[in-house]
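Novice: Just to be clear, the model below is a prediction. Sequence and coordinates:
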Amino acid sequence: MPRPILATVHVPALSHNLETVAGMLSRSATVPRPSVWAVIKANAYGHGIEPAVEGFAQADGLAMLDLDEAVRCREHGWSGPLLLLEGFFEPADIEVLDHYRITTAIHCAEQLEMLEAGQVRHALDAFVKLNSGMHRLGFQPDQYRAAYRRALDLQAEGVLGAVGKMTHFARADDDPVETAGQLRVFAQVTEGLPGPVSVCNSAATLTEGLAAGVSGGEQWVRPGICLYGGSPFDERSAESMGLRPAMTLSSRLISTHTVPAGGAVGYGHCYVAERATRVGVVACGYADGYPRHAPTGTPITVEGVRTRVLGRVSMDMLVADLDPVPQARVGSPVVLWGEGGPSVDEVARPCGTIGYELLCAVAPRVPRRVQGAGAAPSSDEGP
Ligand SMILES: *Cc1c(COP(=O)(O)O)cnc(C)c1O
């Protein structure tokens, strides 16, 4: 029998979250409601491209970084828009974009040069990206309009089709003033330029009124984490926003015993039992993607009862406090995060990280089960 660890991907939760986010936008935003690029980069935040294509069937488009992931969407039957958030990397990619009708971001002069030197059979749709203050990708404000003009020239030549404007926020989750500043730069720099606009990630999409304040063309929001049931905010849980976890990481106890008073648990003897403590060993460790730096106290659920991790996480195992779960025994079900357990955000916080990282880091050796929708009842998916 394989180790009992399992990552279950809930396709109906993906659909539910998309519907919830779209519902919030139609309540609070402009008429018509912004279109939604469902962001499925990084193997759909660890959930798998194919389940994401099924769960996000109602999205207006899918956005990712990796050309191979875009091609997999087409092969899985997605015929709608696809957006490469970082655009293409070399001239040969342009042919693939052309063949599969993939929309590209254009964030640097080198990409414009490659397009100017290239040839396409069908005009490619594109978003020209502005660096409005995050200082990662995008044209600087003083270079943007010239870049946009070059994109419009490419449009006139039939190399580009629709051309739009995009930018990305650095602090939409925690600093409204900073975010308003970036939005102001975006509005000033793109003033009067034709085409659709795309600025909002999850945090901005979920911020009341923010999407409604974006003008300048047809709007496309770009939510990611919230569609998987994670929260981009420290202080607002996903559950409080009506979102459902799309991934459950579960396992079982493979041993139980009592640590005597003064006994210490695991590598480094990081946890010392003050009194005799019954503990369970869980088949899940950092080689499964569970964070090694999860400290004593990190929440975990055994037999449906919330308890805590004790001592250091090892490669293949971790130890849970069974004090609140006297009925636990070998084989008892354990939820590391997801349905019936702590949220991935609750696990991430004491580890000093974010739910995004944990979801993306579930290891290839963890078997996957895709649950619901048109998905096969059980399939082993490479991540
Ligand atoms: C990852 C990403 C998003 C989605 O971010 P979330 O915080 O997961 O909503 C949107 N736009 C770009 C450019 C991204 O890289």
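Specialist: Done, it's in. Numbering: from 1, shown residues only.

Novice: now residue 135: how far from the ligand?
Specialist: 14 Å (Cβ to the nearest ligand atom, to the nearest Å). For glycine as for every other residue, the C-beta is placed from the backbone atoms N, C-alpha and C.

Novice: Residue 156 too?
Specialist: 27 Å.

Novice: what do you get for residue 103?
Specialist: Residue 103 sits 13 Å away from the ligand, going by Cβ to the nearest ligand atom.

Novice: cool, residue 343 as well?
Specialist: According to Cβ to the nearest ligand atom, residue 343 and the ligand sit 15 Å apart.

Novice: Verify the contact between that residue and residue 239 for me.
Specialist: Yes: the criterion here is Cβ atoms under 8 Å, and residue 343 meets it with residue 239 at 6.7 Å.

Novice: Give me the more crowded residue out of those two.
Specialist: The neighbour comparison of residue 343 against residue 239 (other Cβ atoms under 10 Å) goes to residue 343, with 21 against 13.

Novice: can you count the residues close to residue 140?
Specialist: Counted with other Cβ under 10 Å, residue 140 comes out at 12.

Novice: Domains of the protein: list them as residue ranges, please.
Specialist: The record's domain parsing of the chain by automatic domain parsing lists 11-229, 247-370.

Novice: pLDDT on the last one, on average?
Specialist: If I follow you right, that is domain 247-370. Across domain 247-370, the average pLDDT comes to 98.

Novice: now do the same end-to-end measure for it.
Specialist: Length of domain 247-370, first residue to last, Cα to Cα, to the nearest Å: 9 Å.

Novice: what's the answer for stretch 58-71, then?
Specialist: With Cα to Cα as the measure, stretch 58-71 spans 19 Å from end to end.

Novice: Can you name the residues of the stretch 151-300 of the chain that neighbour the ligand?
Specialist: By Cβ under 6 Å from any ligand atom, the residues of the stretch 151-300 of the chain that approach the ligand are 168, 201, 202, 222, 223, 224, 225, 232.

Novice: and the third one, how many neighbours does it have?
Specialist: What that stands for is residue 202. Neighbours of residue 202 (other Cβ under 10 Å): 26.

Novice: contacting residues around it?
Specialist: Listed by Cβ atoms under 8 Å, 6 or more residues apart in numbering, the contact set of residue 202 reads 223, 224, 225, 226, 227, 232.

Novice: Just the closest residue of the stretch 201-350 of the chain to the ligand, please.
Specialist: residue 224 (2.5 Å; Cβ to the nearest ligand atom).

Novice: I figured that residue was touching residue 201, is that so?
Specialist: Yes: contact status for residue 224 versus residue 201: in contact at 6.6 Å, counting by Cβ under 8 Å.

Novice: joint contacts of those two?
Specialist: In contact with both residue 224 and residue 201: residue 39, using Cβ under 8 Å, 6+ apart.

Novice: who has more neighbours, those two?
Specialist: More crowded of residue 224 and residue 201, by other Cβ under 10 Å: residue 224, with 24 against 20.

Novice: and the residue in the stretch 251-383 of the chain positioned nearest to the ligand, how many neighbours?
Specialist: Closest residue of the stretch 251-383 of the chain to the ligand, Cβ to the nearest ligand atom: residue 356 (6.4 Å). Residue 356 has 20 neighbours, counted by other Cβ under 10 Å.

Novice: how about stretch 161-175: buried residues?
Specialist: Judged by neighbour count using 16 or more other Cβ atoms under 10 Å, the buried positions of stretch 161-175 are 162, 163, 164, 165, 166, 167, 168, 169, 171, 172, 173.

Novice: pLDDT (mean, whole number) over it?
Specialist: On average, stretch 161-175 scores 97.

Novice: same question, stretch 89-100
Specialist: 97.

Novice: can you list contacts of that stretch?
Specialist: Taking Cβ under 8 Å, 6+ apart as the rule, stretch 89-100 contacts 67, 70-71, 74, 82, 84, 88, 102, 104, 114-115, 117-118, 120-122, 124.

Novice: are any of those residues buried, and which?
Specialist: Applying 16+ other Cβ under 10 Å to these flags 67, 70-71, 82, 84, 88, 102, 104, 114-115, 118, 120, 124 as buried.

Novice: Please compute how far the longest strand seen in the chain lies from its chain's middle.
Specialist: Of all segments of type strand in the chain, defined using DSSP state E, the longest is strand 247-259. What separates the centre of strand 247-259 from the centre of its chain is 27 Å, taken as Cα atoms, centre = their mean, to the nearest Å.

Novice: Give the buried residues for it.
Specialist: Quick answer for strand 247-259 (16+ other Cβ under 10 Å): 247, 248, 249, 250, 251, 252, 253, 254, 256, 259.
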